[in-house]
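# requesting a structural model of the entry that follows:
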Amino acid sequence: MDLKLIGFDAPLFSGLQHMLDPAADDSDKSVSAPTRTYVRDAKAMAATPADVIEYPNSYAFVIDMPGLKSGDIKVQVEDDNVLVISGERRREEEKEGAAKYVRMERRVGKFMRKFGLPENANTDKISAVCQDGVLTVTVEKLPPPEPKKTKTIEVKIA
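Numbering: from 1, shown residues only. You can find the predicted model right below:
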C-alpha cells in the first residue's frame, strides 16, 4: 500500500513504509544497523538486574541467580577493568509422556552483565560466591596511594 495515495507523503512515512515493506530491496541495509550479536547481548544485559555496593575496602556486585549451578555461571575480567558475569539458564528436559507445561513464565536463555571497574579495583583479588540463589562477586579495592612526603631543600647563600 502506497502511503502517498492517502496523503502521507512526508519523509518519515516514506521511511517507515520502506522499512516495513517486505518487497523492498534489502541490498541497501544501513551500515549502522546493530548486529544480531549486539542485539542478543543487549537483551541479555537488560534482563539481568544487579545491585552494586561500595564498601570501605571492596565493591560487591549482587545478582539473583535462582536455580543455577556454579557451572552455569561465568565470572571474567576483560581488558583489565571490565567485570563480565554471564551464563545460561536452561529449561529442564521433558520426559516423554510424563507431563507437559501448562504455563512457562520463568526466564530461560543466556544472561550477561558488564561492569566497568574503577581505577582502585584490584582485579587480582576477586571472589564469587553463589548462596541461596544469589551471586555475590566481591572485588577488593587497592590501598590508597601514600601521600608524597614534602621534601625540604636547604637554600645556600652564595
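# strands of the protein, start to end?
Taking DSSP state E as the criterion, the chain carries its strands at 51-54, 58-64, 73-78, 82-89, 109-116, 121-131, 134-141.
# only C-alpha atoms, please: export the first one in CSV.
By that I understand strand 51-54. Presented in CSV, the C-alpha positions along strand 51-54 are these (Å, rounded to 0.1, in the frame of the first residue of the first chain):
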residue,chain,number,x,y,z
ASP,A,51,23.0,-4.3,42.8
VAL,A,52,26.4,-2.7,43.1
ILE,A,53,27.5,-1.9,46.6
GLU,A,54,30.7,0.0,47.7
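# list the residues that contact Glu78.
Shown in contact with Glu78 (Cβ atoms under 8 Å, 6 or more residues apart in numbering): Val84, Lys114. Bear in mind the C-beta positions are built from the backbone N, C-alpha and C, glycine included.
# and the residue most central in space within the chain, how close does it get to Gly71?
Centroid-nearest residue in the chain: Arg113, 2.6 Å away (criterion: Cα atoms, centre = their mean). Look at Arg113 and Gly71: by Cβ to Cβ, to the nearest Å, they are 18 Å apart.
# so who does the residue nearest to the centre of the chain touch?
Counting by Cβ under 8 Å, 6+ apart, the residues that Arg113 touches are Met45, Thr48, Ala50, Phe61, Ile63, Val84, Ile85, Ser86.
# want to throw those residues into JSON lines with pLDDT, neighbour count and distance to Ser32?
Formatted as JSON lines, these follow (pLDDT from 0 to 100; neighbours: other Cβ atoms under 10 Å; distance: Cβ to Cβ, whole Å):
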{"residue": "Met45", "pLDDT": "60", "neighbour count": "15", "distance to Ser32": "20"}
{"residue": "Thr48", "pLDDT": "77", "neighbour count": "19", "distance to Ser32": "26"}
{"residue": "Ala50", "pLDDT": "90", "neighbour count": "14", "distance to Ser32": "29"}
{"residue": "Phe61", "pLDDT": "95", "neighbour count": "21", "distance to Ser32": "32"}
{"residue": "Ile63", "pLDDT": "92", "neighbour count": "20", "distance to Ser32": "31"}
{"residue": "Val84", "pLDDT": "93", "neighbour count": "14", "distance to Ser32": "25"}
{"residue": "Ile85", "pLDDT": "92", "neighbour count": "21", "distance to Ser32": "29"}
{"residue": "Ser86", "pLDDT": "89", "neighbour count": "18", "distance to Ser32": "26"}
